[in-house]
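S.K.: need a structure here:
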Amino acid sequence: MTGRKTLFLYLAVLLLSAVAAVVVFNLPEKKSTRGLVLLDEKPSELTELVYSTSSKEVRVTPRQGGGFTLTVRQTIKPPKPLRPTTKTKKLSSPAADGGTDTGSTNPQQPAAAGQAGTAGKKPATAPVKVRVDSYRASKEFSRELERLLPLTVERELGQVDEKHLAQFGLTDSDRRLSLSFGERRVEFVVGGQTYGGATLYLQRHPQGAVYLVSTSLQRTLDIRPPRYLERRLVETGRQETEELLLADSSGRRQRRLVKVKSGRRDHWVPTDDRQTSNNIYGTWAGQLFLLGAEAYLDKPPTPEPRQVARVRFFRSGKLLDELVLAEGPPAPPGKQDQSPPPPGKMKKDEKAYYARSSFTGQWVRLRQATARTLYNDIDTILGGK
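M.R.: As a prediction, the model looks like this:
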């Protein structure tokens, strides 16, 4: 009996296992809590993202060592010229003020005749300008990208006829979204918003299925500089950094600052005078971590900026990054630090401040207000008068 009971129990377990397998196999595919998964790739697998309209192109590419570079190419159209007019302002008559009436609207007057001769000419229009901004993306953009990928849709509409494509704003749409994951590339046409504005239409290009997606996709990609601009100059923050080594441009004058704990607060003191109570070192270190990029420069500034100092960041004796600090004359408006200002246009005490590190990967222009005070105190920190 014991053997029979064991056999029956074994067969019952096998039967239950088979039934469970069949049920699990026939269950519908699980959906993401965010919607239907259209693209299952993650941000780490992205090799390029391009979002384009008739006037702008946003290109996202990964950087070596992590993070992304944003390149925004924007076409700036000139304002529409004013329409020419033949009307002139009528001045006071001679009887009123004793002057001469030069503002007569009589067509036989010479002034009006001259205006009539130029009325038919089209006014000159300013040329179309193209602005290109390329910079490191901030952590905020990385978080937005994590919400974007994997790409989910709220509803699949399938194939749609021409009439509905036009109603959905997909027929004449100038908005395109391209995603590349290695050799794989997927393209979409971005249409209009649905009633209420909560979702918008997205079509697989070319002539593919139509989907409804959240309008957050458009808000994430409709980037205008300096949105998502990485302000930090080094990846390490004040909490992670334990030592700072400041050196002048020649490298002959150096001073090492170390962070020491005193009660609940951290203090920065020079290693050659750890007992000092001078707060200038802590104030200067605090200003250093408050330095922020105002703009990334595609090319080195012209003229070449004068190097002022170098700052090395350490943790547990390991070099984390090196920041080069430089200064130079500001560029005229619209030149983006590519040429010197015209003579007589720059104040004697006016400067532009620049920095470069492994984290930025290129020259950046610093916010002037914060940089000016820090640069002026470098000599004091190094032991000068």
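S.K.: residue ranges with poor pLDDT in the stretch 1-150 of the chain?
M.R.: For the stretch 1-150 of the chain, applying pLDDT under 70 flags the ranges 1-34, 81-126.
S.K.: again, but for the stretch 201-350 of the chain
M.R.: For the stretch 201-350 of the chain (pLDDT under 70), the answer is 331-349.
S.K.: give me that answer again for 90
M.R.: Filtered on pLDDT under 90, the stretch 201-350 of the chain yields the residue ranges 206-207, 218-219, 222, 224-226, 238-239, 261-267, 274-277, 298-303, 329-350.
S.K.: On the three-state scheme, the nearest residue to Lys56 once chain neighbours are set aside is what?
M.R.: Among residues not flanking Lys56 along the chain, Gln74 sits closest, at 4.7 Å (CB to CB, 6 or more residues apart in numbering). For every residue, glycine as well, the C-beta is placed using N, CA and C. What DSSP: H, G, I helix; E, B strand; the rest coil gives for Gln74 is strand.
S.K.: Then Arg59?
M.R.: Under three-state DSSP, Arg59 falls in the strand class.
S.K.: which residues does it contact?
M.R.: Neighbouring residues of Arg59 by CB atoms under 8 Å, 6 or more residues apart in numbering: 48-50, 70-73.
S.K.: Quick one, which of these are buried?
M.R.: Restricting the contacts of Arg59 to buried positions leaves 49-50, 70-72, with burial counted as 16 or more other CB atoms under 10 Å.
S.K.: how about those residues in JSON lines, adding secondary structure and distance to Val186?
M.R.: Converted to JSON lines, the buried ones among the contacts of Arg59 look like this (DSSP: H, G, I helix; E, B strand; the rest coil; distance: CB to CB, whole Å):
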{"residue": "Leu49", "secondary structure": "strand", "distance to Val186": "10"}
{"residue": "Val50", "secondary structure": "strand", "distance to Val186": "11"}
{"residue": "Leu70", "secondary structure": "strand", "distance to Val186": "20"}
{"residue": "Thr71", "secondary structure": "strand", "distance to Val186": "20"}
{"residue": "Val72", "secondary structure": "strand", "distance to Val186": "22"}
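S.K.: what's the closest of the contacts of Arg59 to Lys80?
M.R.: Arg73 (22.9 Å; CB to CB).
S.K.: and the closest one, what are its bridge partners?
M.R.: Beta-bridge partners for Arg73, by DSSP bridges, are Glu57, Val132.
S.K.: Was I right to think Asp40 contacts Phe181?
M.R.: No: applying CB atoms under 8 Å, one finds Asp40 not in contact with Phe181, separated by 9.9 Å.
S.K.: Between these two, which has more neighbouring residues?
M.R.: Legend: neighbour count by other CB atoms under 10 Å for Asp40 and Phe181, higher for Phe181 (17 against 12).
S.K.: shouldn't the more buried one be in contact with Glu41?
M.R.: Yes: because the distance of 4.8 Å satisfies CB under 8 Å, Phe181 is recorded as touching Glu41.
S.K.: ok, and the closest non-adjacent residue to Ala326?
M.R.: Pro305 (3.7 Å).
S.K.: my guess is the one you found meets Pro330, correct?
M.R.: No: with contact defined as CB under 8 Å, Pro305 does not reach Pro330; the gap is 10.7 Å.
S.K.: Report the set of residues contacting both of these two.
M.R.: In contact with both Pro305 and Pro330: Ala352, using CB under 8 Å, 6+ apart.
S.K.: so who does Ala285 touch?
M.R.: 238, 244, 257, 259, 268.
S.K.: and those, which are buried?
M.R.: For these, buried by 16+ other CB under 10 Å: 244, 257, 259, 268.
S.K.: Report the secondary structure state of the last one.
M.R.: For Trp268, the secondary structure call by three-state DSSP comes out as strand.
S.K.: List the contacts of it.
M.R.: Trp268 makes contact with 244, 257-260, 281-282, 284-285, according to CB under 8 Å, 6+ apart.
S.K.: what do you get for the first one?
M.R.: If a contact means CB under 8 Å, 6+ apart, then Leu244 has 256-258, 268, 285, 288, 311-314 as its contacts.
S.K.: Over to the third one?
M.R.: Residues in contact with Lys259, defined by CB under 8 Å, 6+ apart, are 241-243, 266-268, 285.
S.K.: what do you get for the second one?
M.R.: Contacts for Leu257 were tallied using CB under 8 Å, 6+ apart; they are 243-246, 268-271, 281, 285, 381.
S.K.: can you list the residues you listed in CSV and add secondary structure?
M.R.: Formatted as CSV, these follow (three-state DSSP):
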residue, secondary structure
Glu243, strand
Leu244, strand
Leu245, strand
Leu246, strand
Trp268, strand
Val269, strand
Pro270, strand
Thr271, coil
Tyr281, helix
Ala285, helix
Ile381, helix
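S.K.: Among the residues you listed, name the buried ones.
M.R.: Counted by 16+ other CB under 10 Å, these give 243-246, 268-270, 281, 285, 381 as buried.
S.K.: so can I have TSV of those showing distance to Arg176?
M.R.: Listed next are these as TSV, based on distance: CB to CB, whole Å:
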residue	distance to Arg176
Glu243	49
Leu244	47
Leu245	49
Leu246	49
Trp268	51
Val269	56
Pro270	57
Tyr281	53
Ala285	47
Ile381	52
